[in-house]
Structures are given as structure tokens and as C-alpha cells.
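> Structure for the following, please:
(one chain, ligands or ions: 1)
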Amino acid sequence: MQKVPFVTLPQLREIRESYPTPFHIYDEAGIRRTARDVNRAFAWNPGFKEYFAVKATPTPGILKILREEGCGVDCSSLTELMMSDRCGFAGREIMFSSNETPAEEYVLAAKLGATINLDDITHVDFLERTLGYIPERISCRYNPGGVFQLGESKEGFQVMDNPGEAKYGMTRSQLFEAYRMLKAKGAKEFGIHAFLASNTLSNDYYPALAGQLFELAVDLQRETGCHIAFINLSGGVGVDYRPEQPANDIFAIGEGVRRAYERVLVPAGMGDVAIYTEMGRFMLAPHGHLVTTVLHEKHTYKEYIGVDACAANLMRPAMYGAYHHITVMGKEDRPCDHKYDVVGSLCENNDKFAVDRMLPKIDIGDILVLHDTGAHGFSMGYNYNGRLRSAELLLREDGSVELMRRAETPEDYFATLVW
Ligand SMILES: *Cc1c(COP(=O)(O)O)cnc(C)c1O
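Residues are numbered from 1 along each chain as shown. Coordinates of the predicted model:
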């Protein structure tokens, strides 16, 4: 689909007077729209809840909007738990899906009443030793190993990922054993969690995963006598970063999961199982822009456009070669007849937001919008080269702009040093 920014050039010029670029800006209306769509797509399941993956966008202003829309949070660290607590999430609104977990994180998760999702069978004993008990409600993460693939065509598989190479989760036999151990130690309500593929562009990913997990749940309940209360499809639903990619249809996805549910769980007498999701990218990526100003043009062996943002503000292109669409504001209707590398200032040659990208002729001072940066954007930021994290702004539904996080200052950068 054609990528249209949710802010206009005059709006950005005005915002830039109060908040210099680079900055991340988020679209409240879009966030609410997606959250409502997700809840409607799964409304057939009375227990449904989306636990937003906090790591995607750990920003209280965003988490509070999602909470108003009925979402919970999925945390995986101490500070994510602390932030969720301060945003008003409590008890069953918090999922704690961590790995290589320090004891103090389990202590806080239990204190907040979060649902703990164990990544490994050895954590049954670790959790019991840490807390002194096993919570009545508990979840385990499953990893079937091997390769996960879907939708073979001449171009290859629609979805392909490699759970067998992933550090997460338990094998099938470990899962059965963990359930038996947990039950013997007093657990009463059980959940199953699995994350088998990342950034999937297919309406079949969740339904295929759900089918596997539902069959597993039936076996688990029969063989161990544990009551399966919920099945957590976790994250992995992708977004169309490229304009030519097909977008996921959350209603088709919800309907596909419903069909698997009717086919597998209902006949097994398990029609009371709640479905959970932990989407980060799908919820937020399209609703964030990284806004940056062109500082320099350089003509050597290639044509370079130097901007005031860098990989420290958005790491995905440098880290994964990820594509983020770029709009040159005010030049949307001009022909894309110039080939550029759009680059940041890091002393690292992978600090390129785009390589050989066809764009309209760019001039110094132009404002560029990098699309789909609302998830795994700001949050993956870092301070390499002494670069500072940017501000995060919220475009309210009424068109006003609010500061959610100020930009870092050199004082912040020096604050942890012992001279
Ligand atoms: C990262 C993560 C998610 C969210 O993944 P997305 O691809 O952003 O949807 C969900 N659950 C867990 C456990 C994660 O680590």
C-alpha cells in the first residue's frame, strides 16, 4: 500500500520549532484504531487479551493508551515490569515472558501478580526457590524445534523461521514434565506460549501456530490432568514495511484462529480456553515515524544524503538490513529519479537508512519521514559515538502534539560516569 505520513509538512515545520529533529512521533488515532481492530477480530473469544510487548515501545504515554483500549502488557525485564506497574497495569494485565531471568525479576513479577511464563524446565525449581512457592497460575513456553514454514510457492515460503536454532522455550517432553512438576507443587491454571516466526506477512501464521498449540493443549490436558486456561500466540505478526508487500488482515487472522479453535479445542471440551496475543510490531510499527532533517549532500562514488538521525535512533536497517520507507516531505508528487544512500553520522559504514534508494531530488533542509518506526525503533536505541536518544512525541487525536519523553542531553550521557 502507498505509504502516507500521518503528519503534514506544515505540522512538522511547526513541531520542529519546539522539538528539534531527530525525533520519534506516534499517532494516537492509529494506535487506538489498531487496538480496537485486534479486539474486534478476537471478540469471538470471551477471554481474549492482547498483551502488548513492552520492549517494542517502552513509553508510558503509549502504554496508557493501550491500557485504555483494554490491552495488557508483556514484560521481559525488571524495568519493563516497573514501568508497567507505574502505568497502572496490575495482576492479570501483566504477562512476564523472560529468559535467563534474574531472581529479582521473578520476585517483582510475583509481587505485581503477573502471570509468569517459564522459558525452561529448570526454572520450575528456580522459581520455587526464589519465591518460596509456585503461583497457582503459570505458563510455559514451548519450542517444537526444527523449521517452521508456511505457504510454499515458486518464490519460496511465505513464512520461514528456525525455532530449532532459537534459545527460547522447552521441548515437548520437557513441557509435559514441567506441567506435572508444577501441578504437584500446587499450580492450578496453566498456559502455553510459543513464538515460532518473526515479522510474518501471512494471515495463516497465527492460525497455523494456533492449530499446533491447540492440539498440544488437548494432549497436555488429557495426559497430565492440568487445566489449560489460556493459550498465548505471542508476537510475530508482521507489517508491510515495503509499499509493495501485502498487509496482514487481522480480521482474517482472528477468523483463522477461531476456525482452528472450533476444530480442535471445542470438540475436546476445551471451549473455555482464553486466547492471548503479545504483539508489538503489528500494534505499533505503522503508528510511529522517525523524523529527520537533511544536513549534508555528498557526491563521491555514490550520492549520499546525510541526515541528523543515525542508527542510534533506529537500528533495524543497520542491524538487519531492514527496509524502512522514506517520504521526502513536500515532494510526494515528484518523480523518484535520484538514487541515494541516506546515511547517519556514526563512524560505522552500516549506518545507512537506505542504500541505492530511488527518491525525488533531495535538498539540504528537507524533512524526511522514516515510516513504520513505532515498534523496535526508539526502543533499540543506543549511545554509540556518544549519540543521544531523541525525544518521543505523541500526535493526539485532536491534532495537538505532546512530549512523552524529552531528548537526552550530554548531562544524561555523563550521569553514570565516575570521574
Ligand atoms: C518480542 C516479543 C514479542 C513481540 O514480538 P513482535 O514481533 O513485535 O510482535 C512478543 N512476545 C515475546 C516473548 C517477545 O520476546
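
> Now do the strands for the stretch 51-200 of the chain: every range, in order, please.
Chain-ordered strands for the stretch 51-200 of the chain, with DSSP state E, counting those that start in this stretch as the definition, fall at 72-75, 94-97, 115-118, 137-141, 148-153, 156-161, 189-193.

> any idea which of those strands is most buried?
Most buried of the strands of the stretch 51-200 of the chain, by mean neighbour count (mean count of other CB atoms under 10 Å): strand 72-75, with a mean of 28. (Glycine included, C-beta is placed from N, CA and C.)

> For that strand, which strands pair with it and how are they oriented?
Based on DSSP bridges, the strands next to strand 72-75 in the sheet, each with its direction, are strand 49-53 (parallel), strand 94-97 (parallel).

> With mean pLDDT added, can I get these in CSV?
Converted to CSV, those look like this (pLDDT from 0 to 100):
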stretch, mean pLDDT
strand 49-53, 98
strand 94-97, 98
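
> The closest residue to the ligand within the stretch 201-350 of the chain: what's it in contact with?
With CB to the nearest ligand atom as the measure, G235 is the residue of the stretch 201-350 of the chain nearest to the ligand, at 2.3 Å. Taking CB atoms under 8 Å, 6 or more residues apart in numbering as the contact definition, G235 lies against 53, 74, 195, 198, 277-282.

> For those, which single residue is the most surrounded?
Greatest neighbour count in these, by other CB atoms under 10 Å, goes to D74: 31 neighbours.

> Surely that one touches S97?
Yes. Under the criterion of CB atoms under 8 Å, D74 is in contact with S97, at a separation of 5.6 Å.

> Overlap of the contact sets of these two?
By CB under 8 Å, 6+ apart, D74 and S97 have these common neighbours: 234, 278.

> contact partners of the longest helix along the chain?
Assignment by DSSP state H gives helix 205-224 as the longest helix of the chain. With CB under 8 Å, 6+ apart as the test, helix 205-224 has contacts from 142, 144, 150, 159, 172, 175-176, 179-180, 183, 190, 192, 194, 196-197, 226-228, 231, 233, 236-237, 253, 256-257, 259-261, 263-265, 268, 270, 273, 275, 277.

> Also stretch 9-25?
Applying CB under 8 Å, 6+ apart, the contact partners of stretch 9-25 are 7, 288-293, 307-309, 313, 329-330, 367, 369, 373-374, 377-378, 390-395, 399, 401, 403, 407.

> Enumerate the residues of the stretch 251-400 of the chain near the ligand.
Contact residues (CB under 6 Å from any ligand atom) of the stretch 251-400 of the chain with the ligand: 278-282, 375.

> measure the residue nearest to P58 when sequence neighbours are not counted to the ligand for me?
In space, not counting the residues next to it along the chain, P58 is nearest to S379; the distance is 5.5 Å by CB to CB, 6 or more residues apart in numbering. As defined by CB to the nearest ligand atom, to the nearest Å, S379 lies at a distance of 10 Å from the ligand.

> tell me the SS of S379?
Secondary structure, DSSP: H, G, I helix; E, B strand; the rest coil: S379 is helix.

> pretty sure E408 is touching G386, no?
No. Look at E408 against G386 with CB under 8 Å: they stay out of range, at 10.4 Å.

> Between the two, which has more neighbouring residues?
E408 (16 against 9).

> Tell me the secondary structure at that one.
In the three-state summary, E408 is assigned as coil, counting by three-state DSSP.

> Name the surrounding residues that touch the host helix or strand of V355.
Here V355 is covered by strand 352-359, with elements defined by DSSP states H and E. Applying CB under 8 Å, 6+ apart, the contact partners of strand 352-359 are 302, 307, 309, 314, 317-318, 324, 326, 328, 336-344, 370.

> One more: stretch 362-370?
The set of residues external to stretch 362-370 that reach it, using CB under 8 Å, 6+ apart, is 5, 7, 9, 12-13, 16, 21, 289-297, 305, 307, 309, 314, 324-331, 338, 340, 342, 353.

> Filter those down to just the ones in strands.
Using DSSP state E, the members of those that fall in strands are 289-297, 305, 307, 326-328, 338, 340, 342, 353.

> What subset of these is buried?
Those of these that meet the buried threshold are 289-294, 305, 307, 326-328, 340, 342, 353, by 16 or more other CB atoms under 10 Å.
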